[in-house]
Structures are given as structure tokens and as C-alpha cells.
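[1] With the sequence up front, the predicted model follows.
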Amino acid sequence: MPLVSVLIPAFNHERFVRRCLDSVLEDPWPAKELVIIDDGSTDGTGERIAAWVAEHEGAVPVRFLRRPNKGVAATLNELAALARGEFLRLGASDDYFLPGGLEAQVRYLQAYPRKQAVVGDSIVVDPHERVLHESGMCGLHRADKRLYRTDAGIRRAVIGQWAVGGAVVLLRRDALQRLGGWTEGLRIDDWDFFLRLAAHDALGFIDVRVCAYRMHEANLSKTRHIATRVSNLAESRHVALRHLVLFEGTDRTRLEAQAHYIGAKIAFLRHRPLALAWHMAAYLALAALARIGVASPPTFARHA
């Protein structure tokens, strides 16, 4: 059986990190290792991890590092460099894995050698592990799973209806060499990474719940701070514009439309009605072109 390296970037999740680590042991896949970095936590996360490692010594190979904060993308790159496995399972210190997920994802990548990564579904739980949604994709994000059955549908979903949340990704180690790893300095690093995968038709999907995605007040994606939301949106728009060159035809048109849609959100939060009207008009025009299968004129890209 191929070795799977479970990568856990941990930051300020002292309430949840033991459950995350326990779930690695609960998964029956036998060939696995655990690689953890405490990314400069200011609470007791590092101490909880150290105690767990000491308690479970010998149960699973573990590499654990503590260092000052560098951010998620830099931590993921460092974790991948430390890993020895043929496959890399991405984790999150506030989520936890569901038994059987590793095997289902490994078997998928073994069956489809041209795919570099595979995502699954999740359940959604609250801080006390009460189930909020049986499917994160359908219940939380209201996605149409049928999109994920084809490469074209996955490209469309990643661009405009991305509904994957939590620790649901398994990668081939080689994928990082082909893609260049995670872009350090980004806060919205996952969309950047998945756009690159989807552009090369390298991303697959299995309709299996492979993790529990935990909803709590500290979720980075749920910030209510307006300046932070604007900053995150601006970064997402920059990612969209930078990756236009990876796509062709209607996929490129959809990504241009998404850049304008994000621009409209920024304009709304900044109370700029003229910019809001311009971006929404461009978004609607581009979305209409994409629906009928027409590529956008180059002038739209220059003004996105």
C-alpha cells in the first residue's frame, strides 16, 4: 500500500486539535505518517499537540515542528517538503477526518493516473460535533454535484461555483512539482491552487464524505470585518485575473465574469455605486456569453 502523508497546519485551535489528530489514528488505512507544524499559535495548540504525540508514540510515525507564524501557504509548502509519502492528504487542525476517506481517495488516484488530485465531500459540524449538514457541498454551499462528474464541469465549478470546504483533498506528491506548490503570501491560497489544477484537468471528485468540516466563530472564511473582507476579495480578484492565461474559450469568459462579480462585491462594500454598476453590467454580459458558448472579446479582459 502506498504511503500517505497526512499534513496538518495548526494554528490557534487548542479546542479542536486533539480530535483532528485522533481521527488520523481512527482511519484504517495502515500506510500513513503524520506531519504537523504549529504555525506560531498563541494559545495552547502546540502544547496539546506535543502531549498527543507523547501519548501516542509508536502508533503512527510523526514529525512535529513548532515555529513562528508564516501563514497557511508557507506552512503547507514546508509540510510537503517534510513528507515522505507518495500521496499527501491535506488536513486542518479544527476539522477531522472520517474513517475510510483515505482509502477511497487513494483508490481513485490509482484508478485515474492522469489526475493529480481528488476532492471529496464533507459533513458539517458545530463546535460540539453536532451535525449541521450531512453534505457540505449541498447543505452548506448549495452546489450541484453533477457539475463535478466531468472535467468541463469541474472547471466551471472551480471558476464560479466552488463548493469544496474542509480537509477533503488528496494530492499526488508529483502534483506540487508540476504546479509549483502553494503561492506564499496569499490568504485565499486554496482557490489559486485549485484553479491551476482545474486548468490542466488534473482534479477529480468522489462523492464520499471524507472529513468533518467544523463551523465556529474563528473560521477565517467567515470574517465579518469589512476591511478584511475587502482585502480578501481584492486578493481573489487578482488571482482570477492572473490565471486568465490558463483558460480558453468559455472557461476564460467565466473567469473574467467572476473577476467582475468580485469587483462588484468590493464596490458594494466600499459604497461606490458607479463601479458597482459597471462591474455588474460586465458580469451579466460575460455570464450570458458563457451560457451560449461564446468567448468574450479581448477588451473585457483588459478592463476586468
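    Everything's here; your move. Predicted model only: the values in this text are computed from it and were never measured.
[2] Check the gap between the residue nearest in space to the middle of the chain and residue 127 for me.
    In the chain, the residue lying closest to the centroid (Cα atoms, centre = their mean) is residue 190, at 4.1 Å. Distance from residue 190 to residue 127, counting by Cβ to Cβ, to the nearest Å: 22 Å. C-beta coordinates here come from the backbone N, C-alpha and C atoms, glycine included.
[3] secondary structure element for the residue nearest to the centre of the chain?
    helix 189-199 (DSSP states H and E).
[4] any idea how far the residue nearest to the centre of the chain is from residue 76?
    Distance of residue 190 to residue 76, given as Cβ to Cβ: 10 Å.
[5] taking the mean pLDDT, what do you get for the longest strand along the chain?
    Ranked by residue count under DSSP state E, the longest strand found in the chain is strand 203-214. On average, the pLDDT along strand 203-214 is 96.
[6] Residue 125 is in contact with residue 140, correct?
    No. Applying Cβ atoms under 8 Å, one finds residue 140 not in contact with residue 125, separated by 11.0 Å.
[7] what touches both of those two?
    132, 213 (Cβ atoms under 8 Å, 6 or more residues apart in numbering).
[8] Which one's more surrounded, those two?
    Legend: neighbour count by other Cβ atoms under 10 Å for residue 140 and residue 125, higher for residue 125 (21 against 18).
[9] which residue of the protein sits farthest from its center?
    Distance to centre of the chain, Cα atoms, centre = their mean, peaks at residue 274 (33.1 Å).
[10] okay, the longest strand of the chain in CSV with CA atoms only?
    The C-alpha coordinates for strand 203-214 follow below in CSV (Å, rounded to 0.1, in the frame of the first residue of the first chain):
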residue,chain,number,x,y,z
LEU,A,203,-8.6,17.5,-10.5
GLY,A,204,-11.1,14.6,-9.8
PHE,A,205,-14.1,14.2,-7.4
ILE,A,206,-15.6,11.3,-5.4
ASP,A,207,-19.0,11.5,-3.9
VAL,A,208,-17.7,10.3,-0.5
ARG,A,209,-17.7,12.2,2.8
VAL,A,210,-14.1,12.2,3.8
CYS,A,211,-14.0,14.8,6.6
ALA,A,212,-16.0,16.8,9.1
TYR,A,213,-15.8,20.5,8.4
ARG,A,214,-16.2,22.4,11.7
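[11] C-terminal to that strand, what's the next element?
    Downstream of strand 203-214, the first helix or strand assigned by DSSP H and E is helix 226-242.
[12] Quick one: the helices in this protein, in order.
    In the chain, the helices defined using DSSP state H lie at 17-26, 45-55, 72-82, 101-111, 151-160, 173-179, 189-199, 226-242, 249-269, 273-291, 298-302.
[13] Out of these, flag the one nearest residue 89.
    Minimum separation from residue 89 across the helices of the chain (Cβ to Cβ) falls at helix 101-111, 6.3 Å.
[14] Average pLDDT for that closest one, rounded please.
    Throughout helix 101-111, pLDDT has a mean value of 97.
[15] packing partners for that helix?
    In terms of contacts (3 or more Cβ pairs under 8 Å, 6 or more residues apart in numbering; DSSP states H and E), helix 101-111 is packed against strand 87-90, strand 117-125, strand 169-172, strand 203-214.
[16] List the buried residues of that helix.
    Neighbour counts over helix 101-111 (16 or more other Cβ atoms under 10 Å) mark 101-106, 108-109 as buried.
[17] need the contact list for the spatially closest residue to residue 181 that is not a sequence neighbour.
    Nearest non-adjacent residue to residue 181, counting by Cβ to Cβ, 6 or more residues apart in numbering: residue 77, 4.8 Å away. Residue 77 sits next to 176, 181-182, 184 when contact means Cβ under 8 Å, 6+ apart.
[18] what's the closest residue to residue 106 other than its chain neighbours in contact with, if anything?
    With sequence-adjacent residues excluded and distances taken as Cβ to Cβ, 6+ apart, residue 106 is closest to residue 87, at 6.0 Å. By Cβ under 8 Å, 6+ apart, the contact list for residue 87 reads 2-5, 105-106, 109, 170-173.
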